[in-house]
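1. mind looking at a prediction? Sequence and model below.
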Amino acid sequence: MQRTIEIRTDDLSGEATRRLIALHLAGMHDNSPSESVHALDIEALRHPSLSVWTAWIDGELAGVGALKSLDAHRGEIKSMRADDRFRGTGVGRALLRHIVEEARRRGMSSLWLETGTTEDFVPAQRLYESEGFVFCGPFEDYALDPFSVFMTRAL
């Protein structure tokens, strides 16, 4: 049975969202040294350059993702995370496609992202590749780091 995924703009005030962001940050710190963690906390996600969406299934928070405006033409995908209970259900893909469409609607011509290199990040890398992202070098303020890979996609 295919369940409906509802994607909503999120103001980061809900307890479920705050809990998932905290889980995301903890997971990043579990898999990478602190200097290689680029995930954002709740306060950083409130920056005006960022928009956050959450995915819901049957009234339960299933995932989160954000779009950061780097400039008028480029965006960065941030804080993509599916709740463990919903991994493998299409939540990540639905959020990613929503962010891609929103970036297009805003007139952006490319999207960029940073993700990890350890085994735990392979499913994310595969998801991004399957949606047209390709590996590239560091962008913006990122530097080469053995715990980071960088990807981009033209829109």
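-> That came through, no problem.
2. so which other helices or strands are in contact with whichever strand or helix holds residue 52?
-> Assigned by DSSP states H and E, residue 52 belongs to strand 50-57. Contacts defined by 3 or more C-beta pairs under 8 Å, 6 or more residues apart in numbering; DSSP states H and E place strand 50-57 against strand 6-9, helix 15-31, strand 60-69, strand 74-82, helix 91-105. In this view, the C-beta of every residue, glycine as well, is placed from N, C-alpha and C.
3. chain center to it, what's the gap?
-> Distance of strand 50-57 from its chain centroid, counting by C-alpha atoms, centre = their mean, to the nearest Å, is 10 Å.
4. quick one: closest of the helices and strands packed on strand 50-57 to residue 150.
-> The minimum distance between residue 150 and the helices and strands packed on strand 50-57 falls on strand 74-82, with 10.1 Å, by C-beta to C-beta.
5. the helix or strand of the chain with the lowest mean pLDDT to strand 50-57, inter-axis angle?
-> Of the helices and strands making up the chain, the lowest-confidence element is helix 15-31, at a mean of 89, by mean pLDDT, DSSP states H and E. Angle, helix 15-31 to strand 50-57, by axes from the mean of the first three to the mean of the last three C-alpha atoms, to 10 degrees: 110 degrees.
6. check which residues of helix 15-31 are buried.
-> 17, 20-21, 24-25, 27-28, 31 (16 or more other C-beta atoms under 10 Å).
7. likewise for stretch 56-65?
-> Going by neighbour count (16+ other C-beta under 10 Å), the buried part of stretch 56-65 is 56-57, 61-65.
8. rewinding a little: which strands or helices does the least confident helix or strand of the chain pack on?
-> Under the contact criterion of 3+ C-beta pairs under 8 Å, 6+ apart, helix 15-31 touches helix 42-45, strand 50-57, strand 60-69, strand 74-82.
9. save those as a markdown table, and put in distance to residue 132 too.
-> Listed next are these as a markdown table, based on distance: least, C-beta to C-beta, whole Å:
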| stretch | distance to residue 132 |
| --- | --- |
| helix 42-45 | 25 |
| strand 50-57 | 19 |
| strand 60-69 | 16 |
| strand 74-82 | 13 |
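10. now do the contacts for residue 90.
-> Residues in contact with residue 90 (C-beta atoms under 8 Å, 6 or more residues apart in numbering) are residue 5.
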